[in-house]
Each structure stands twice: as structure tokens, then as C-alpha cells.
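Visitor: Return atomic coordinates for the entry below.
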Amino acid sequence: MAGSEAGPGWPKILTLGEPLIEFNQTDPARPQYLQGFGGDTSNAAIAAARQGANVGYLTRLGTDSFGDLFADLWVREGVDCRGVIRDPAAHTAVYFVSHGPQGHAFSYLRAGSAASRMTPQELPRELLANCRWLHVSGISQAISATACDTVFAAIDAVHGFGGKVSFDSNLRLKLWPLDRARAVIRATIPLSDLFLPSIEDMQQLSGLADADEILDWCFAAGARAVVLKLGKDGALFGTAEDRHRVAGHQVEAVDATGAGDCFGGALLARLAAGDTLARAVDYANAAAALTTLGFGAVAPIPRASEVTAFLQSTANAS
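Guide: Numbers count the residues shown, from 1 in each chain. The predicted model follows:
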């Protein structure tokens with residue numbers, strides 16, 4: 001089917017979700033903010049594009065100036081925008097990042113956003129028919145009932161065309177209660193070819209603390225393959241029959257915003273390029289470490305040459 005033989009004119013990777021304009025606090029002692037870009041699946045799309053992947057985005061934007069900023073960003077980054085709809089009746093979402101002793105915290109202005117008005121009827125079937133990977137997240141499902149329906153419809157379409165699905169739980173309890181989140185995420189796990197949660201998400205969803213026990217929970221829930229992101233401690237990944245751990249990289253991190261999204265985008269870029277899961281995880285682990293060296297979700301995302309050089313330097317040092 002087309003999903004396994006995407007032509008050169010079609011994105012091999014599609015991500016679906018909500019982009020948000022970002023205002024990131026650069027000094028914890030003062031209310032000074034750096035304007036950037038965010039939204040988990042948009043971040044992942046840009047991360048994949050910076051690794052050289054052919055990637056497209058499916059979403060709605062307002063016709064406001066913030067929507068224009070995103071449209072310009074994606075053009076600059078080489079992200080295919082044929083799946084982006086401009087909505088004159090709704091705004092582009094915004095969020096703020098603050099930093100303190102407990103890490104980073106998020107505040108959102110996203111209720112009624114253009115992306116929350118996505119519907120299954122608007123899905124661009126030609127794009128879905130020609131992608132190898134569709135990437136979705138729990139945030140995409142949490143922002144509205146119609147957006148949740150759109151995620152499930154996109155998953156069904158891609159599988160029908162022979163493509164694969166990756167799913168990042170990206171649990172945000174400000175968007176929905178834990179019981180509903182757990183039910184929807186558990187329903188999505190067995191529909192996904194690759195489950196990409198963070199350990200923080202899974203500790204809340206499963207009630208477990210140990211990474212290996214969490215992987216067991218994921219496989220019991222129907223996961224086919226799992227990459228459990230452990231933050232600075234790396235990742236634990238594999239299938240029900242075989243699992244492996246990759247250690248984290250020691251870097252002088254200043255802001256972890258979007259690091260997990262960068263991990264996902266870089267991982268999919270390497271899988272789409274033909275890497276094994278182990279090689280792709282190793283690469284994504286390095287890319288995620290590098291993105292913590294600057295402020296914001298998008299600006300610090302490394303390009304392929306930087307990741308390759310970083311991996312080479314760590315190999316030489318060991």
C-alpha cells in the first residue's frame with residue numbers, strides 16, 4: 001500500500017495536533033519572556049524536519065498574526081503545510097513557561113483554539129494515504145471531543161493505507177481528568193505501532209514507579225513496541241520479548257521544554273530513514289539532550305549534523 005511506499009512528493013511522516021505560540025521565562029527572578037513556538041506535535045514535526053525527514057503537519061490555525069507566525073515558521077523549516085486549515089472563527093493557542101526549583105511549569109490560553117475545532121471530515125486522505133508514520137499525542141485527544149475523534153479517525157485511515165502510528169501519551173491533567181485520560185490513552189495504545197510515553201506520564205497513568213514494571217503495564221495494555229523516555233536518565237525500550245536501556249547524556253541543561261517532543265521527532269526521522277529501533281533511540285536520546293541546552297521548545301532543536309557530531313564526540317570520549 002501507499003503507506004509503505006511513500007513517493008518523494010509526499011511527507012513520509014505526518015504529525016497531528018495543536019501548535020501554540022510560546023512565551024518562555026528567561027529569568028526566574030523577573031517576568032521576562034522570550035517568544036517562541038510550541039505544541040508537542042509541531043515540535044516533533046520540526047525536529048523530524050531538522051533531521052532531514054520529509055514531514056507534514058495536520059492542524060487548524062487562526063487567521064490571526066500568531067497563526068501567520070506559525071505558517072511562516074513551517075515554511076522556513078520545510079514542514080509540508082497542505083494539511084493546515086486556517087480558521088477565521090477561532091484563535092491560535094498560546095502558552096507561557098515559567099521556571100523554578102521544581103522545574104518548568106506551564107500556563108495555557110488554549111480554550112476554543114482553532115486546533116480544538118478539528119474534525120474527522122477535514123482529514124486530508126491523500127496525505128494520510130502516502131505517509132509511512134503518523135504521530136499523534138494525548139494532548140491532541142484532550143483538547144476537545146472532535147479533536148479526539150479526529151485522532152482516532154486518522155489512526156484508522158493510516159492503518160488502512162498500510163502506514164504506521166506512533167503515540168506519545170503527553171499527559172496534561174489541566175486538560176482532562178485522570179480517569180478519562182487513562183481510558184482514552186489505554187484505548188489508543190493497542191492501536192499504535194509505537195508507544196512513546198515519558199516515565200512521569202506512566203507513573204500517573206499506571207500507579208507504578210519502576211521503569212521495567214511500567215513497560216510490563218504497557219505490554220499488558222496492548223502495546224506492540226514501547227520507548228519509555230526517562231529524561232536525563234535516557235530511555236528504556238523494546239517489545240514484550242526483548243528490552244534494552246540507553247543511558248542519558250550529561251549536559252548543562254537550561255530548559256527541558258519540548259525535549260520529549262524532539263526525542264519523538266528525531267526517532268521517527270531515523271525510523272523513516274530505515275534505522276532499527278535501537279539505532280533510532282540512540283540518536284533520539286542524543287538529540288533530546290542537545291535541545292535542553294537552550295530556551296524554548298523549537299529554537300534549540302539540533303540539526304542532523306549537530307547530533308551526529310555529538311554522538312561521535314561521546315563515542316570518542318568513552
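Visitor: Any buried residues in stretch 66-76, and which?
Guide: Neighbour-count burial for stretch 66-76, counted by 16 or more other C-beta atoms under 10 Å, picks out 66-67, 69-71, 73-74. Yep, even glycine has a C-beta here, placed from its N, CA and C like the rest.
Visitor: Please convert those to JSON lines, extending it with distance to residue 40.
Guide: Converted to JSON lines, the buried residues of stretch 66-76 look like this (distance: C-beta to C-beta, whole Å):
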{"residue": "66", "distance to residue 40": "17"}
{"residue": "67", "distance to residue 40": "18"}
{"residue": "69", "distance to residue 40": "18"}
{"residue": "70", "distance to residue 40": "14"}
{"residue": "71", "distance to residue 40": "19"}
{"residue": "73", "distance to residue 40": "15"}
{"residue": "74", "distance to residue 40": "15"}
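Visitor: Now the two most distant members of these.
Guide: Pairwise distances across these (C-beta to C-beta) peak at 13.2 Å, for the pair 66 and 74.
Visitor: Which elements pack onto the least confident helix or strand in the chain by mean pLDDT?
Guide: Least confident helix or strand of the chain, by mean pLDDT, DSSP states H and E, is strand 103-109 with a mean of 82. Strand 103-109 is packed against strand 93-100, with contacts defined by 3 or more C-beta pairs under 8 Å, 6 or more residues apart in numbering; DSSP states H and E.
Visitor: in the strand it packs on, what's buried?
Guide: 93-97, 99.
Visitor: cool, stretch 114-134 as well?
Guide: Those would be 114-118, 123-124, 127-134, for stretch 114-134 by 16+ other C-beta under 10 Å.
Visitor: next one: stretch 217-226
Guide: Buried residues in stretch 217-226, counted by 16+ other C-beta under 10 Å: 217-219, 221, 223-226.
Visitor: all strands of the protein, in order?
Guide: 13-16, 20-25, 33-38, 55-62, 80-87, 93-100, 103-109, 133-137, 164-168, 194-195, 226-229, 235-238, 243-246 (DSSP state E).
Visitor: which neighbours does the fourth one have in its sheet, and in what orientation?
Guide: So that's strand 55-62. Partners of strand 55-62 in the sheet, by DSSP bridges, are strand 13-16 (parallel), strand 80-87 (parallel).
Visitor: for this structure, which spans come out with low pLDDT?
Guide: 1-8, 318 (pLDDT under 70).
Visitor: hmm, back to that, out of the buried residues of stretch 66-76, which comes closest to residue 10?
Guide: Closest to residue 10, out of all of the buried residues of stretch 66-76 and judged by C-beta to C-beta, is residue 74, at 16.1 Å.
Visitor: Give me the neighbour count for the closest residue to the closest one other than its chain neighbours.
Guide: Distance criterion C-beta to C-beta, 6 or more residues apart in numbering; nearest residue to residue 74, sequence neighbours excluded, is residue 81 at 5.3 Å. Neighbour count for residue 81, taken as other C-beta atoms under 10 Å: 15.
Visitor: Test my guess that residue 81 contacts residue 59.
Guide: No: Residue 81 is beyond contact range of residue 59, at 9.2 Å (criterion: C-beta atoms under 8 Å).
Visitor: show me what contacts the residue lying closest to residue 178 once chain neighbours are set aside?
Guide: Ranked by C-beta to C-beta, 6+ apart and with sequence neighbours excluded, the top spatial neighbour of residue 178 is residue 204, at 6.7 Å. Residue 204 sits next to 171, 173, 178 when contact means C-beta atoms under 8 Å, 6 or more residues apart in numbering.
Visitor: now the residues you listed as a markdown table including distance to residue 259?
Guide: A markdown table is the format used below for the contacts of residue 204 (distance: C-beta to C-beta, whole Å):
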| residue | distance to residue 259 |
| --- | --- |
| 171 | 16 |
| 173 | 20 |
| 178 | 23 |
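Visitor: Now, those residues that are in helices?
Guide: Counting by DSSP state H, the part of the contacts of residue 204 found in helices is residue 178.
Visitor: ok, so of the contacts of residue 204, who is nearest residue 297?
Guide: Nearest to residue 297 among the contacts of residue 204, with distances taken as C-beta to C-beta, is residue 171, at 17.1 Å.
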